[in-house]
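Engineer: Sequence first, then the predicted structure:
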Amino acid sequence: MISTWAELRDFALSLDLPHVTDAVSWGNPNLKAHGKMWCWWSPYVDAAIFKGSRDEREMLMAADPETFVMHPHYANTGLILVAGGRIDPGWAEARLRQSWRDAAPKRFLKEWDAR
């Protein structure tokens, strides 16, 4: 299980996806993919933040409320918060790969997929 920002950062970078960079937004470290925020750790609650949808977040929270958590700051977004120490690497990898693809320009993905 992934427990901290340092572990999540190292894990995400180990996927060796291109166009991923370290960044700081609103005073907090994060990783960006293709210039867009990709994953980060919440400054409000001990949880990683992944991109998703509200419907998916609600489903995940209903299925496992100890793992998938919420803070009022994120209530109006589709972001998915996963409690530190409960982040499954397999789930995180699939989520990161999908959000990396979602952030990529279409022309880049066409070339990437052709390889």
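Structural biologist: Received it, and whenever you're ready, just let me know what you need. Numbers count the residues shown, from 1 in each chain.
Engineer: quick one, helices of this protein?
Structural biologist: Taking DSSP state H, the helices of the chain run over residues 5-14, 54-63, 89-103, 106-114.
Engineer: Which of these sits closest to residue 27?
Structural biologist: Among the helices of the chain, helix 5-14 comes nearest to residue 27, with 13.6 Å by Cβ to Cβ. Bear in mind the C-beta positions are built from the backbone N, C-alpha and C, glycine included.
Engineer: buried set for that closest one?
Structural biologist: Buried residues in helix 5-14, counted by 16 or more other Cβ atoms under 10 Å: 5, 7-9, 11-12.
Engineer: what's the answer for stretch 39-59, then?
Structural biologist: Residues 39-42, 45, 47-52, 57 are the ones in stretch 39-59 that count as buried (16+ other Cβ under 10 Å).
Engineer: what sits up against it?
Structural biologist: The contact list for stretch 39-59 (Cβ atoms under 8 Å, 6 or more residues apart in numbering) reads 2, 4-5, 8, 12, 25, 27-31, 37-38, 68-71, 73-74, 77-84, 87, 92, 95-96, 99, 102.
Engineer: Among the residues you listed, the buried ones, what's the PyMOL command?
Structural biologist: Buried subset of the contacts of stretch 39-59, written as a PyMOL selection, criterion 16+ other Cβ under 10 Å:
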select buried, resi 2+5+8+12+30+31+37+38+68+69+70+74+79+80+81+82+83+84+87+92+95+96+99
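Engineer: Which ones among the contacts of stretch 39-59 map onto strands?
Structural biologist: Among the contacts of stretch 39-59, DSSP state E puts 25, 28-31, 37-38, 68-69, 80-83 in strands.
Engineer: Fine by me, we can end here.
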